[in-house]
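K.L.:
Got a predicted structure here, sequence first:
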Amino acid sequence: MPINAYTGLMGSGKSFECVSSVIVPAIAKGRRVVTNVDGIDGEAIRAFVHERQGIELEKLGSVVHCQNDDVFKEDFLPYGQPVDTFCCPGDLVCIDEAWRFWGTDSKIHTNHRIFFREHRHYVHPDTKVSCDLVLMVQDIGDLHRILKAVVELSFRTTKAKSLGLNKVYRVEMWEGWKQTIKARVAVQIKKYDKDVFPLYSSYTGGKGNEVTVDDRQNILKNPKLWAMAVGTILCGVVSVYGVMHFFGNKGDARPTSVKTTVIPQIPNTTPAVTSPTPSSHRAFSDDWRAAGSITIPQGKFIVLVSSSGALRYEHPSVFKFAGQAVIGDVDGAKVTAFSGIPPTRTAIAGQIKTEISK
């Protein structure tokens, strides 16, 4: 494992993430962990791993708790000399609040600088596992530039307080120490495991409680948000109802039978002239001709005009269309735009006057 950094504000979950995702897996692999995490309980971690994963206690690693004063010492980390140091080759070193020891304004000891650059050279003689360093700090910018330059992965934890979810936190991962959008490689939403909290104490004495000082940080308590949500739901319901109502009425309006509307005709004084036609063909109508079409609330109809100027509406289903030509069967005779006897101007004027008076 390279040098990794876990960042985040107090109570955001960085200590929980480091214990659950770094220290516990290392113990399960039989590694020795050196850490200054407050209240860390090595025996509780071993029992936790044994119960959860069923690994024998003899095969589990151990936790060595160090004090902050130990971290400042020049022989705290291995530095390539055949001398005894607090941390041994192959150890996983996990340091909380790393800015205290290796901050931007700190004077870093030469032995520590050597470890930062060569930590993977210090290998356990039996397991052949090299040393690893994990840092916890609220802001990665607080670390010394010599240390930031060798950070391969950085994480940031954020508690989902804005959503009112105190049992959920988000973990973002970046390559390197620069936490930019371009360098971000993964985002995870994770839940706190209540069984992990007894393994360490993130608050003094493990009895600290958080109190919300401003409810506005919870967006779910914003009345405007709820009003917008209700309005969106109502708009959706009204839209669905309108669409269903529109298409439902359209389906019900389909005619089940052809209905013919006839306007009262003026008596025709001109006797109809008929001419014998072969029985196999119907004759063209001498009374009606197709004058055009009209659309009324009942639908679209073909307008017929008689030789006396009378108007008559017929349903298009009784007609056939071929381009501009139209031909239909009315009263047993063919009706086209050229059938019938053209009405006189006097008859048409009278019919128009009658329609207007209505």
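P.N.:
That came through fine.

K.L.:
how about the closest residue to residue 80 other than its chain neighbours, secondary structure?
P.N.:
Leaving out its chain neighbours, the residue that sits closest to residue 80 by Cβ to Cβ, 6 or more residues apart in numbering is residue 114, at 6.1 Å. From N, CA and C alone the C-beta is placed, and that goes for glycine too. Following DSSP: H, G, I helix; E, B strand; the rest coil, the label given to residue 114 is helix.

K.L.:
Tell me how many other residues surround residue 114.
P.N.:
16 (other Cβ atoms under 10 Å).

K.L.:
Against residue 131, how distant is it?
P.N.:
12 Å (Cβ to Cβ, to the nearest Å).

K.L.:
What of residue 241?
P.N.:
For residue 241, the distance to residue 131 - Cβ to Cβ - is 68 Å.

K.L.:
Those two: who's more crowded?
P.N.:
Each of residue 241 and residue 131 has its neighbours counted (other Cβ under 10 Å); residue 131 has more, 24 against 10.

K.L.:
so that one sits right up against residue 91, yeah?
P.N.:
Yes. Assessed by Cβ atoms under 8 Å, residue 131 is found in contact with residue 91 at 5.6 Å.

K.L.:
Touching, residue 314 and residue 328? I think so.
P.N.:
Yes. In this structure, residue 314 is within contact of residue 328 by Cβ under 8 Å, at 6.7 Å.

K.L.:
Pull up the overlap in contacts between the two.
P.N.:
residue 302 (Cβ atoms under 8 Å, 6 or more residues apart in numbering).

K.L.:
and the next element down the chain from the lengthiest helix in the chain?
P.N.:
As assigned by DSSP state H, the longest helix anywhere in the chain is helix 223-252. Elements were assigned by DSSP states H and E; along the chain past helix 223-252, the next helix or strand is strand 288-296.

K.L.:
Now do the helices in this structure.
P.N.:
Using DSSP H, helices in the chain cover 14-18, 24-28, 42-53, 68-72, 99-102, 110-118, 145-148, 223-252, 345-357.

K.L.:
which of the ones you listed sits most buried?
P.N.:
helix 14-18 (a mean of 24; mean count of other Cβ atoms under 10 Å).

K.L.:
Run through who's touching that helix.
P.N.:
6-8, 37, 94, 96, 134, 136, 155, 157, 169, 171, 190, 192, 196-197, 200, 202.

K.L.:
what's the average pLDDT for it?
P.N.:
On average, the pLDDT along helix 14-18 is 93.

K.L.:
CA atoms of that helix as CSV?
P.N.:
Presented in CSV, the C-alpha positions along helix 14-18 are these (Å, rounded to 0.1, in the frame of the first residue of the first chain):
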residue,chain,number,x,y,z
LYS,A,14,-12.7,9.7,8.5
SER,A,15,-11.7,7.9,11.7
PHE,A,16,-14.5,5.4,11.2
GLU,A,17,-13.4,4.9,7.6
CYS,A,18,-9.8,4.4,8.5
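
K.L.:
what distance separates that helix from the centre of its chain?
P.N.:
Distance, stretch centre to chain centre, for helix 14-18: 28 Å (Cα atoms, centre = their mean, to the nearest Å).

K.L.:
So that it lines up with my notes, have the first residue be 137 from now on.
P.N.:
In the new count, where the first residue is 137, that last one comes out as helix 150-154.

K.L.:
rewinding a little: next step: the contacts of helix 150-154 restricted to strands.
P.N.:
142-143, 230, 232, 270, 272, 291, 293, 305, 307, 326 (DSSP state E).

K.L.:
still on that earlier bit, any chance of TSV for the helices of the chain, columns distance to residue 196?
P.N.:
Compiled in TSV, these are given as follows (distance: least, Cβ to Cβ, whole Å):
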stretch	distance to residue 196
helix 150-154	18
helix 160-164	6
helix 178-189	5
helix 204-208	24
helix 235-238	28
helix 246-254	26
helix 281-284	30
helix 359-388	48
helix 481-493	103
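
K.L.:
From residue 143, how far off is residue 233?
P.N.:
Applying Cβ to Cβ, the value for residue 233 to residue 143 is 11 Å.

K.L.:
How about residue 293?
P.N.:
Taking Cβ to Cβ, one finds residue 293 at 8 Å from residue 143.

K.L.:
what about the spatially closest residue to residue 175 that is not a sequence neighbour, neighbour count?
P.N.:
For residue 175, ignoring the flanking residues on the chain, the nearest one in space by Cβ to Cβ, 6+ apart is residue 337 at 2.7 Å. When counting by other Cβ under 10 Å, one arrives at 17 neighbours for residue 337.

K.L.:
Please report how far residue 337 lies from residue 186.
P.N.:
21 Å.

K.L.:
these two touch, right, residue 206 and residue 223?
P.N.:
No. Counting by Cβ under 8 Å, residue 206 stays clear of residue 223, with 9.5 Å between them.

K.L.:
Show me how far the longest helix of the chain is from its chain's centre.
P.N.:
Using Cα atoms, centre = their mean, the offset of helix 359-388 from its chain centre is 22 Å.

K.L.:
so where's the stretch 337-486 of the chain shaky on pLDDT?
P.N.:
Applying pLDDT under 70 to the stretch 337-486 of the chain picks out residues 338-358, 361-362, 385-418, 460, 478-486.

K.L.:
at 90 what do you get?
P.N.:
Residues of the stretch 337-486 of the chain meeting the criterion pLDDT under 90: 337-368, 370-486.
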